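Colleague: Sequence first, then the predicted structure:
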Amino acid sequence: MLKRATATLKSTLSLHITKEGSKHNGYHFHRFTTGSPLHFQEKDWVCPKHKDTVIAFVLGGPGSGKGTQCEKIVETFGFKHLSAGDLLRKEMVSDNSSMILDTIREGRIVPSAVTVKLILRELASGDSHKFLIDGFPRSEENRIAFERITGSEPNFVLFFECPEKEMVKRVLSRNQGRIDDNIDTMKKRLKVFEALNLPVVDYYAKKGKLHKINAVGTEDEVFEQVRRVFAQVSTVT
Ligand SMILES: Nc1ncnc2c1ncn2[C@@H]1O[C@H](COP(=O)(O)OP(=O)(O)O)[C@@H](O)[C@H]1O
Ligand SMILES: O=c1ccn([C@@H]2O[C@H](COP(=O)(O)OP(=O)(O)O)[C@@H](O)[C@H]2O)c(=O)[nH]1
Ligand SMILES: [Mg+2]
């Protein structure tokens, strides 16, 4: 049974149901791959996922350890890791996008139309059915756009809880040459995290989908908690 989603994002994106579409990994797209997400005005036909698809959102402030733990989850549980930040950085380079560059440098959030399309492209490629979506949704607007466009909700959500002081320390010693790993941007990112990302965390807590992880401790100590969550959710997914 195909459940279809129609969405109109008022900025540049509009999606409509059509009767045709190509099928990738259970997601259906109509003329999906043409054009850049930055100039996305196509008609797309989107339907949700294979019946066995598992989607986990991985949330937490900047430097809380999302990416680090995702790598361990991939090794242990065989999920495909989609880092929204990495997808945006790649798009920034390949499209020479000053919009993405400026947004990341200022610690703001890239328009949902762009990020959701990049994530969809990954969901539709390859043959994995188990996805970790790391660092997304970063706002209620992101969340609503994703759910509306894909017709999908996450099966469960991990939230890495970390004191600000520890996040600042980790980001400033991350050493990956990122334009946003500096104290000025970090202060802005923490404000954005509190104002826009925490409401998403609250939303999933109220839905009973949130699994809080204490992000302080060694990587292995944190992963032990993650392991327990996966043991628990594997009985329901
Ligand atoms: N449990 C931990 N304790 C100390 N440092 C950590 C821990 N987990 C990750 N780090 C380090 O902190 C930095 C930020 O981690 P990262 O996984 O990139 O976080 P995020 O994706 O949430 O921003 C990296 O340099 C990473 O090596
Ligand atoms: O869904 C997303 C994910 C990331 N970003 C931007 O990309 C930056 C870096 O995100 P990433 O997840 O890589 O940072 P992390 O939390 O891992 O440090 C964020 O501050 C935002 O500016 C965004 O706009 N939307
Ligand atoms: Mg990260």
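Modeller: Happy to help now that I have it. Just so you know, these numbers come straight off a predicted model, no measurement behind them. Numbering: from 1, shown residues only. Ligands and ions are numbered 1, 2, ... in the order given.
Colleague: When you work out contacts or count neighbours from here on, use the C-alpha atoms and nothing else.
Modeller: Noted.
Colleague: what sits against the one residue sitting closest to the centre of the chain?
Modeller: When Cα atoms, centre = their mean is applied to the chain, the residue found nearest the centroid is Phe136 (2.7 Å). By Cα atoms under 8 Å, 6 or more residues apart in numbering, Phe136 lies in contact with 57-59, 83-84, 142-143.
Colleague: farthest-separated two in the residues you listed?
Modeller: Farthest-apart pair in the contacts of Phe136 is Ser83 and Arg143; separation 15.3 Å (Cα to Cα).
Colleague: Please state the backbone phi and psi of Ile213?
Modeller: phi -120, psi 130 (degrees, to the nearest 10).
Colleague: so the closest residue to it other than its chain neighbours bridges to which residues?
Modeller: Excluding the flanking residues, the one nearest Ile213 by Cα to Cα, 6 or more residues apart in numbering is Phe160, at 4.9 Å. Taking DSSP bridges as the rule, Phe160 bridges to Gly60, Ile213.
Colleague: Would you mind measuring from Phe160 to Lys187?
Modeller: As defined by Cα to Cα, to the nearest Å, Phe160 lies at a distance of 19 Å from Lys187.
Colleague: for Ile100, same thing?
Modeller: 19 Å.
Colleague: quick one, which of the two is more surrounded?
Modeller: Ile100 (22 against 15; other Cα atoms under 10 Å).
Colleague: thinking that one is in contact with Val110, fair?
Modeller: Yes: look at Ile100 against Val110 with Cα atoms under 8 Å: they come within range, at 6.5 Å.
Colleague: mind checking the SS state of the residue nearest to the centre of the chain?
Modeller: Per DSSP: H, G, I helix; E, B strand; the rest coil, the local secondary structure of Phe136 is coil.
Colleague: Show me the helices in the chain, by range?
Modeller: With helices called from DSSP state H, the chain shows them at 66-77, 84-94, 98-105, 112-124, 140-150, 164-172, 183-192, 198-206, 219-233.
Colleague: just for the chain, where's the confidence low?
Modeller: Filtered on pLDDT under 70, the chain yields the residue ranges 1-50, 235-237.
Colleague: Make JSON lines out of the helices of the chain and add distance to ligand 2.
Modeller: Shown next, in JSON lines, are those (distance: least, Cα to the nearest ligand atom, whole Å):
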{"stretch": "helix 66-77", "distance to ligand 2": "6"}
{"stretch": "helix 84-94", "distance to ligand 2": "3"}
{"stretch": "helix 98-105", "distance to ligand 2": "4"}
{"stretch": "helix 112-124", "distance to ligand 2": "6"}
{"stretch": "helix 140-150", "distance to ligand 2": "7"}
{"stretch": "helix 164-172", "distance to ligand 2": "7"}
{"stretch": "helix 183-192", "distance to ligand 2": "6"}
{"stretch": "helix 198-206", "distance to ligand 2": "12"}
{"stretch": "helix 219-233", "distance to ligand 2": "15"}
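Colleague: touching ligand 1 at all, stretch 136-150?
Modeller: No: judged by Cα under 6 Å from any ligand atom, stretch 136-150 stays clear of ligand 1, getting no closer than 11.0 Å.
Colleague: Can you show me the CA trace of that stretch as CSV?
Modeller: What follows is stretch 136-150 as a C-alpha-only set of coordinates in CSV (Å, rounded to 0.1, in the frame of the first residue of the first chain):
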residue,chain,number,x,y,z
PHE,A,136,18.6,16.3,11.9
PRO,A,137,15.9,17.5,12.5
ARG,A,138,17.4,20.6,14.0
SER,A,139,14.1,22.5,14.3
GLU,A,140,10.4,21.8,14.4
GLU,A,141,10.3,23.2,10.9
ASN,A,142,12.9,20.6,9.8
ARG,A,143,10.9,17.8,11.5
ILE,A,144,7.6,18.8,10.0
ALA,A,145,9.1,19.1,6.5
PHE,A,146,10.7,15.7,6.7
GLU,A,147,7.6,14.0,8.0
ARG,A,148,5.4,15.7,5.4
ILE,A,149,7.6,15.1,2.4
THR,A,150,8.6,11.4,3.2
